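Novice: Next one to model:
(one chain, ligands or ions: 1)
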Amino acid sequence: MRVKICGITQPEQGRAIANLGATALGFICVRQSPRHVTPAQIRTIVAQLPSRVDRIGVFVNASGEEIGQIVASTGLTGVQLHGDESPEFCRQLRQSLPGIEIIKAFRIRTSQSLSEIDAYCDRVDTLLLDAYHPQLSGGTGETLDWKTLAQFRPPHPWLLAGGLNPDNVLDALKLLNPSGIDLSSGVERSAGDKDLTRVERLFQKLNALSL
Ligand SMILES: O=C(O)c1ccccc1N[C@@H]1O[C@H](COP(=O)(O)O)[C@@H](O)[C@H]1O
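Specialist: Alright, predicted model coming up:
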(Lines give C-alpha, C1' and ligand atoms only; values in the text may rest on other atoms or scores of the structure.)
Protein backbone atom coordinates (compact mmCIF):
# COMPACT_ATOMS: atom_id res chain seq x y z
CA MET A 1 0.00 0.00 0.00
CA ARG A 2 1.23 3.51 -0.79
CA VAL A 3 1.83 5.74 2.21
CA LYS A 4 2.21 9.44 1.42
CA ILE A 5 3.24 11.86 4.13
CA CYS A 6 2.44 15.39 3.06
CA GLY A 7 3.57 18.87 4.07
CA ILE A 8 7.30 18.15 4.38
CA THR A 9 9.31 21.33 4.99
CA GLN A 10 12.60 20.11 6.51
CA PRO A 11 15.26 17.95 4.79
CA GLU A 12 16.11 15.87 7.86
CA GLN A 13 12.42 15.12 8.52
CA GLY A 14 11.94 14.12 4.87
CA ARG A 15 14.90 11.72 5.08
CA ALA A 16 13.74 10.24 8.37
CA ILE A 17 10.16 9.74 7.15
CA ALA A 18 11.38 8.07 3.95
CA ASN A 19 13.52 5.74 6.06
CA LEU A 20 10.56 4.89 8.29
CA GLY A 21 8.71 3.58 5.23
CA ALA A 22 6.88 6.38 3.38
CA THR A 23 6.52 5.59 -0.31
CA ALA A 24 5.74 9.22 -1.21
CA LEU A 25 6.37 12.65 0.28
CA GLY A 26 4.25 15.70 -0.46
CA PHE A 27 5.36 19.32 -0.86
CA ILE A 28 2.84 22.13 -0.53
CA CYS A 29 3.26 24.62 -3.39
CA VAL A 30 0.34 26.75 -2.14
CA ARG A 31 1.50 30.15 -0.85
CA GLN A 32 -1.42 30.56 1.60
CA SER A 33 -0.57 27.32 3.42
CA PRO A 34 1.55 27.34 6.57
CA ARG A 35 3.29 24.31 5.00
CA HIS A 36 4.29 26.18 1.83
CA VAL A 37 7.76 25.39 0.47
CA THR A 38 9.61 27.14 -2.35
CA PRO A 39 11.10 25.29 -5.34
CA ALA A 40 14.57 25.82 -3.82
CA GLN A 41 13.46 24.16 -0.57
CA ILE A 42 11.91 21.25 -2.50
CA ARG A 43 15.15 20.75 -4.45
CA THR A 44 17.16 20.60 -1.23
CA ILE A 45 14.80 18.07 0.35
CA VAL A 46 14.40 15.77 -2.68
CA ALA A 47 18.17 15.67 -3.27
CA GLN A 48 18.45 13.73 0.00
CA LEU A 49 15.70 11.19 -0.67
CA PRO A 50 16.11 7.62 -1.90
CA SER A 51 14.98 7.35 -5.55
CA ARG A 52 12.22 4.85 -4.65
CA VAL A 53 10.25 7.62 -2.90
CA ASP A 54 7.70 9.54 -5.00
CA ARG A 55 7.89 13.34 -4.70
CA ILE A 56 4.51 14.97 -5.09
CA GLY A 57 3.87 18.71 -5.42
CA VAL A 58 0.49 19.89 -4.11
CA PHE A 59 -1.22 22.74 -6.01
CA VAL A 60 -4.53 24.59 -5.66
CA ASN A 61 -5.84 26.20 -8.86
CA ALA A 62 -2.33 26.98 -10.14
CA SER A 63 -1.75 27.59 -13.84
CA GLY A 64 -0.34 24.81 -16.02
CA GLU A 65 2.67 27.04 -16.67
CA GLU A 66 3.47 27.47 -12.97
CA ILE A 67 3.06 23.74 -12.32
CA GLY A 68 5.27 22.86 -15.31
CA GLN A 69 8.03 25.24 -14.16
CA ILE A 70 8.05 23.88 -10.62
CA VAL A 71 8.08 20.27 -11.82
CA ALA A 72 10.97 20.99 -14.20
CA SER A 73 13.05 22.80 -11.58
CA THR A 74 12.58 20.46 -8.62
CA GLY A 75 12.50 16.83 -9.74
CA LEU A 76 8.92 16.21 -8.62
CA THR A 77 7.56 12.87 -9.87
CA GLY A 78 3.91 13.81 -9.48
CA VAL A 79 1.47 16.65 -8.94
CA GLN A 80 -1.59 16.68 -6.70
CA LEU A 81 -4.33 19.05 -7.87
CA HIS A 82 -6.24 20.01 -4.72
CA GLY A 83 -8.49 22.79 -6.03
CA ASP A 84 -11.27 23.14 -8.57
CA GLU A 85 -9.23 22.04 -11.59
CA SER A 86 -11.49 20.88 -14.44
CA PRO A 87 -11.26 17.52 -16.24
CA GLU A 88 -10.00 19.38 -19.33
CA PHE A 89 -7.26 21.12 -17.30
CA CYS A 90 -6.16 17.70 -16.00
CA ARG A 91 -6.13 16.25 -19.53
CA GLN A 92 -3.98 19.08 -20.86
CA LEU A 93 -1.61 18.98 -17.90
CA ARG A 94 -1.15 15.23 -18.29
CA GLN A 95 -0.34 15.73 -21.96
CA SER A 96 2.19 18.45 -21.20
CA LEU A 97 3.90 16.51 -18.39
CA PRO A 98 4.52 12.99 -19.74
CA GLY A 99 5.76 10.57 -17.08
CA ILE A 100 4.54 12.77 -14.22
CA GLU A 101 1.80 11.25 -12.05
CA ILE A 102 -1.34 13.39 -12.01
CA ILE A 103 -3.33 13.03 -8.80
CA LYS A 104 -6.71 14.77 -8.58
CA ALA A 105 -7.99 15.48 -5.09
CA PHE A 106 -11.70 15.71 -4.30
CA ARG A 107 -13.08 17.24 -1.12
CA ILE A 108 -16.03 15.05 -0.26
CA ARG A 109 -18.97 16.79 1.37
CA THR A 110 -21.78 14.30 0.75
CA SER A 111 -22.19 11.09 -1.23
CA GLN A 112 -23.26 13.35 -4.14
CA SER A 113 -19.69 14.70 -4.29
CA LEU A 114 -18.55 11.30 -5.55
CA SER A 115 -20.51 11.67 -8.78
CA GLU A 116 -18.17 14.42 -10.09
CA ILE A 117 -15.25 11.96 -10.05
CA ASP A 118 -16.38 9.99 -13.14
CA ALA A 119 -15.53 12.87 -15.48
CA TYR A 120 -11.87 12.75 -14.37
CA CYS A 121 -11.24 9.03 -14.54
CA ASP A 122 -9.54 8.82 -17.95
CA ARG A 123 -7.72 12.12 -17.47
CA VAL A 124 -5.69 11.47 -14.32
CA ASP A 125 -3.55 8.65 -12.93
CA THR A 126 -4.69 8.61 -9.32
CA LEU A 127 -7.65 9.91 -7.30
CA LEU A 128 -7.41 11.30 -3.76
CA LEU A 129 -10.37 11.74 -1.43
CA ASP A 130 -10.12 14.39 1.28
CA ALA A 131 -12.59 15.94 3.71
CA TYR A 132 -14.50 19.11 2.88
CA HIS A 133 -13.80 22.29 4.81
CA PRO A 134 -15.70 25.53 4.06
CA GLN A 135 -12.64 27.83 4.29
CA LEU A 136 -9.53 25.70 3.78
CA SER A 137 -8.36 23.62 0.81
CA GLY A 138 -6.51 20.94 2.73
CA GLY A 139 -4.33 19.95 5.64
CA THR A 140 -7.31 20.58 7.93
CA GLY A 141 -7.30 17.41 10.03
CA GLU A 142 -11.01 16.96 9.23
CA THR A 143 -12.08 13.37 8.70
CA LEU A 144 -14.49 12.53 5.94
CA ASP A 145 -17.47 10.28 6.51
CA TRP A 146 -15.92 6.92 5.61
CA LYS A 147 -19.36 5.30 5.35
CA THR A 148 -19.97 7.51 2.28
CA LEU A 149 -17.16 5.59 0.58
CA ALA A 150 -18.34 2.07 1.37
CA GLN A 151 -19.35 1.43 -2.26
CA PHE A 152 -16.52 3.46 -3.82
CA ARG A 153 -14.79 1.25 -6.40
CA PRO A 154 -13.13 3.56 -8.92
CA PRO A 155 -11.34 2.18 -12.01
CA HIS A 156 -8.16 3.97 -10.88
CA PRO A 157 -5.90 3.75 -7.85
CA TRP A 158 -7.07 6.03 -5.05
CA LEU A 159 -5.62 7.51 -1.89
CA LEU A 160 -7.61 8.12 1.27
CA ALA A 161 -6.78 11.43 3.02
CA GLY A 162 -8.42 13.70 5.56
CA GLY A 163 -7.71 13.63 9.28
CA LEU A 164 -5.88 10.29 9.30
CA ASN A 165 -3.57 9.69 12.25
CA PRO A 166 -1.91 6.72 13.98
CA ASP A 167 -5.01 6.23 16.18
CA ASN A 168 -7.67 6.04 13.48
CA VAL A 169 -5.83 4.71 10.44
CA LEU A 170 -6.56 1.03 11.13
CA ASP A 171 -10.28 1.77 11.61
CA ALA A 172 -10.30 3.46 8.19
CA LEU A 173 -8.50 0.53 6.58
CA LYS A 174 -10.92 -1.97 8.16
CA LEU A 175 -13.80 -0.22 6.39
CA LEU A 176 -12.17 0.79 3.13
CA ASN A 177 -9.68 -0.63 0.69
CA PRO A 178 -7.78 2.33 -0.78
CA SER A 179 -4.61 1.90 -2.85
CA GLY A 180 -2.90 4.16 -0.37
CA ILE A 181 -3.22 6.70 2.41
CA ASP A 182 -2.11 10.31 2.74
CA LEU A 183 -1.45 12.00 6.09
CA SER A 184 -0.39 15.49 7.05
CA SER A 185 -1.65 17.19 10.23
CA GLY A 186 -2.22 13.85 12.00
CA VAL A 187 1.55 13.31 12.20
CA GLU A 188 2.58 16.87 13.10
CA ARG A 189 3.61 18.89 16.17
CA SER A 190 2.55 22.08 14.38
CA ALA A 191 1.85 22.91 10.73
CA GLY A 192 4.86 21.80 8.66
CA ASP A 193 6.75 20.35 11.63
CA LYS A 194 6.38 16.58 11.50
CA ASP A 195 6.35 14.56 14.71
CA LEU A 196 8.67 11.64 14.00
CA THR A 197 7.36 9.71 17.01
CA ARG A 198 3.86 9.83 15.56
CA VAL A 199 5.17 8.85 12.12
CA GLU A 200 6.98 5.90 13.69
CA ARG A 201 3.80 4.85 15.51
CA LEU A 202 1.90 5.03 12.21
CA PHE A 203 4.32 2.64 10.51
CA GLN A 204 4.30 0.27 13.51
CA LYS A 205 0.52 0.00 13.13
CA LEU A 206 0.68 -0.43 9.36
CA ASN A 207 3.46 -3.02 9.57
CA ALA A 208 1.49 -5.03 12.14
CA LEU A 209 -1.44 -5.03 9.72
CA SER A 210 0.56 -6.56 6.90
CA LEU A 211 1.94 -9.44 9.07
O1 LIG B 1 -1.48 20.65 3.92
C2 LIG B 1 -1.82 21.74 3.44
O3 LIG B 1 -1.51 22.81 3.98
C4 LIG B 1 -2.62 21.77 2.17
C5 LIG B 1 -2.89 22.99 1.61
C6 LIG B 1 -3.63 23.08 0.44
C7 LIG B 1 -4.10 21.92 -0.17
C8 LIG B 1 -3.83 20.68 0.38
C9 LIG B 1 -3.10 20.57 1.54
N10 LIG B 1 -2.85 19.35 2.14
C11 LIG B 1 -3.50 18.12 1.79
O12 LIG B 1 -4.62 17.93 2.62
C13 LIG B 1 -4.89 16.54 2.76
C14 LIG B 1 -5.33 16.16 4.15
O15 LIG B 1 -4.54 16.66 5.16
P16 LIG B 1 -4.79 16.24 6.71
O17 LIG B 1 -4.16 14.88 6.88
O18 LIG B 1 -6.24 16.23 6.98
O19 LIG B 1 -4.07 17.27 7.49
C20 LIG B 1 -3.64 15.82 2.28
O21 LIG B 1 -3.97 15.23 1.03
C22 LIG B 1 -2.62 16.90 2.02
O23 LIG B 1 -1.90 16.61 0.87
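Novice: From here on, just use CA atoms for contacts and neighbour counts.
Specialist: Will do.
Novice: so where's the longest helix in the chain?
Specialist: As assigned by DSSP state H, the longest helix anywhere in the chain is helix 196-209.
Novice: what bits of the protein have low per-residue confidence?
Specialist: Across the chain, the ranges flagged by pLDDT under 70 are 211.
Novice: so where do the helices sit in it?
Specialist: Under the criterion DSSP H, the chain contains helices at 11-20, 39-46, 64-74, 87-96, 169-175, 196-209.
Novice: Count residues in the vicinity of Thr197, would you?
Specialist: Applying other CA atoms under 10 Å, we find 11 residues neighbouring Thr197.
Novice: ok, now the one 3 residues further on?
Specialist: For Glu200, the neighbour count with other CA under 10 Å is 17.
Novice: Do I have it right that it meets Leu20?
Specialist: Yes - counting by CA atoms under 8 Å, Glu200 touches Leu20, with 6.6 Å between them.
Novice: Pro98 is in contact with Val79, correct?
Specialist: No - using CA under 8 Å as the test, Val79 is too far from Pro98 to be in contact (11.8 Å).
Novice: Which one's more surrounded, the two?
Specialist: Remark: of Val79 and Pro98, Val79 carries more neighbours, 26 against 9, as counted by other CA under 10 Å.
Novice: Tell me who's in contact with that one.
Specialist: Applying CA atoms under 8 Å, 6 or more residues apart in numbering to Val79 gives the contacts Ile56, Gly57, Val58, Phe59, Ile100, Glu101, Ile102, Ile103.
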